[in-house]
Every structure is written in C-alpha cells, then in structure tokens.
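Asker: Quick one, what's the 3D model for this:
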Amino acid sequence: MKQPKRKHLSYAKWGYIFIIPFFLCFFIFSLIPLVDTIRYSFYEYYRSGIKEIGPNFIGLQNYKSLFESDLLKYAGNTLLLWLIGFIPQIVIALLLANWFTDIRLRIRGKQFFKVVIYLPNLIMASAFAMLFFALFSNSGPINSILMSMGITKEPIDFMGTAFGTRSLVGLMNFLMWFGNTTIMLMAAIMGISPEIFEAAELDGCTSVKRFFRITLPLIRPILAYTLITSIIGGLQMFDVPQILTNGQGSPDRTSMTLIMFLNNHLKSRNYGMAGALSVFLFIVSGILCFIVYRMTNGKDDTAAKPAHTAKKKGGAEV
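Answerer: Modelled structure (predicted):
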C-alpha cells in the first residue's frame, strides 16, 4: 500500500516577497536617479533667466569644462579638510578604544565615558557649525576670554585666514565623529579572543608590541570599514564648511569643497555640469575605496595561499 506523499512546503518564496519592497525603493529612488545623472552629464541642460537651454547632447564637453575650472583646487581642499579631521580622529579613537578594553587598567565609569564621547555625534552638523561660528567670531566668547586673560590685545580673526578656517572645520569633524569611531573599534577589539592576549602576556609581550602586533592586525577589517566610510563622508563634506563660510568657501575659496561646488551648479540649475561632477565624485570614491580595500585586505590573501599550499603538501605526504 502506497503511502500518501507529503506536501512539501517551500518558504523560499516568502524571502523574495519580503525583499521586494527594498528593491522597489532602491530602483525608484536610487538606481533611476543615478542612471539619469549619468545621462545628463553628456547633455547641455541649464536655465538662463526664464529660458531653458537643452537638453542637447554634447558628449564629453561638460567633463572638459569641469577640468578647465577650479575642480582640482576644490578636490585638494576637500582632501586637506578630511585629513585634518581624520588623522587625529583615528589616532585618538584607537588610543581610547585600547584603553577602555584593557582589563588590566580597570577604568571606572566606562559607560559614562562612552556616552560622553558619543554625544557630539548626535548633534546636527548645522547646529555644530553655527555654535563654532558664534564661539570663534571676532566678538565671540573665545576672543573675549583670550583678551581678558591678556593673551591677545586684539580679536583674532579665526575665519579670516585659510589656516584658521580649515582648522575649525577639521576640529568640528574630529569632535563629531571620533566617538562613533571609538565605539566601533572597541567592539572590534572586544571581539578578539582574550586567550590571545593572555598568551602574549605570558610570553612577556609589552603593551606596545601587543597593540601593534596583535590588536591592529586583528581589527584590520573594521579599520578598513572605518577608513572607507570616512573617505566617502569626506568627499561628501558640505554642511560644516557651507554654514561656517556662508557658502563662499572663504577666504579666497580655500575651504570650498567638491559638494559645495556641486551645490553651486544645482543652485544655478546647470544640470549637465552637476551631473558630470557627480559622476566624477562617484568614480573617485570607487577608486579610493578599492585602493583602501586592497591595501587592508591584500596581505590576508597572499598569506593564505602559502598556508593553503603547505597544508595540501602535508596532506599529500601523509
């Protein structure tokens, strides 16, 4: 007597059904605008007064005009502003993460310090920029304190020099993001097996050697993620210098970033040039992220090959 076949229930389709909304939103709000931006970069399309010009296909003319402008100067400004904020950010974040996760130090109130260092990340960048604009203005509290202490006789024009403006932008980016970076690096270090640190301590490994030879290599994936996201955020830097310099990139456009340059084209409704600049930013971001990824993960691949080969040879000999 034949047993009746059990009806097999497949739940795989529900997975596809649940991810359909994401792909619909991605297709409508991300993919179509991206393709449209690339398409407009090859067209002459802008408004002159009430007259609309285009869209007329002009090939690579927008890209040619872009590189004949001050694009490279603004790219240099963006890179410099990012470095001023990122270098102290990653150094302080690594130092704090290593201290807070070191059991031997027995630091009290860790939760309190974690909250305090993360708080600036919750403040909107526009509010942060307005606060610094008020603090470091010629008649602001910082100048008043310096003059009352006798350090300076006249107000210091912090935003009147390229060094002062860039330093303020870098300081704001550092304060806003070092807490977030510290929390991520702490999570990475806490994911390392304590047995590794215990074995290193038994072998007489110093704290400095343990940090550079154990901690840093093992948290390299998180470091790569931090660097890549920071590069993308640095290339998209806009709100802090925009508000601090009132959109002028003063003095002498030394704090004008690529996104501020893009915003000027969008404000003037030059959609062709804006599309070309967006494509340029997309390509630069992709190249830099690929270089960082290869630099931080290339050694793992090369180190794994000899180990894999040795394992196969050992297995063959047995």
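
Asker: where does the stretch 151-300 of the chain have low pLDDT?
Answerer: Scanning the stretch 151-300 of the chain for pLDDT under 70 picks out the ranges 298-300.

Asker: so where do the strands sit in this structure?
Answerer: 43-48, 51-57 (DSSP state E).

Asker: now these as JSON lines including mean neighbour count?
Answerer: Heads up, the C-betas are built off the backbone N, CA and C, glycines and all. Listed next are these as JSON lines, based on neighbours: other CB atoms under 10 Å:
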{"stretch": "strand 43-48", "mean neighbour count": "17"}
{"stretch": "strand 51-57", "mean neighbour count": "12"}
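
Asker: among these, which is nearest residue 199?
Answerer: Judged by CB to CB, the one of the strands of the chain that comes nearest to residue 199 is strand 43-48, at 63.0 Å.

Asker: For the closest one, what is the distance to the chain centroid?
Answerer: 32 Å (CA atoms, centre = their mean, to the nearest Å).

Asker: got it, and stretch 57-77?
Answerer: With CA atoms, centre = their mean, you get 24 Å for stretch 57-77.

Asker: got it, and stretch 99-112?
Answerer: For stretch 99-112, the distance to the chain centre is 27 Å (CA atoms, centre = their mean).

Asker: got it, and stretch 31-51?
Answerer: Relative to its chain's centre, stretch 31-51 lies at 27 Å (CA atoms, centre = their mean).

Asker: which residues sit against it?
Answerer: With contacts defined as CB atoms under 8 Å, 6 or more residues apart in numbering, stretch 31-51 is touched by 52-63, 268-276, 278-279.

Asker: now the end-to-end length of that stretch.
Answerer: 30 Å (CA to CA, to the nearest Å).

Asker: Equivalent analysis for stretch 246-258, please.
Answerer: Stretch 246-258 end-to-end distance (CA to CA) = 15 Å.

Asker: Going forward, the N-terminal residue is numbered 470.
Answerer: Right, with 470 as the first residue, what we last looked at is stretch 715-727.

Asker: which outside residues touch it?
Answerer: Residues from elsewhere that reach stretch 715-727, judged by CB under 8 Å, 6+ apart: 539-540, 542-544, 546-547, 550, 628-631, 634-635, 638, 704, 706-707, 710, 713-714, 729, 732, 746, 750.

Asker: from the chain's centre, how far out does that stretch sit?
Answerer: The answer for stretch 715-727 is 20 Å, by CA atoms, centre = their mean.

Asker: Buried residues, that stretch. List them.
Answerer: Neighbour-count burial for stretch 715-727, counted by 16 or more other CB atoms under 10 Å, picks out 718, 719, 722, 723, 724, 725, 726, 727.
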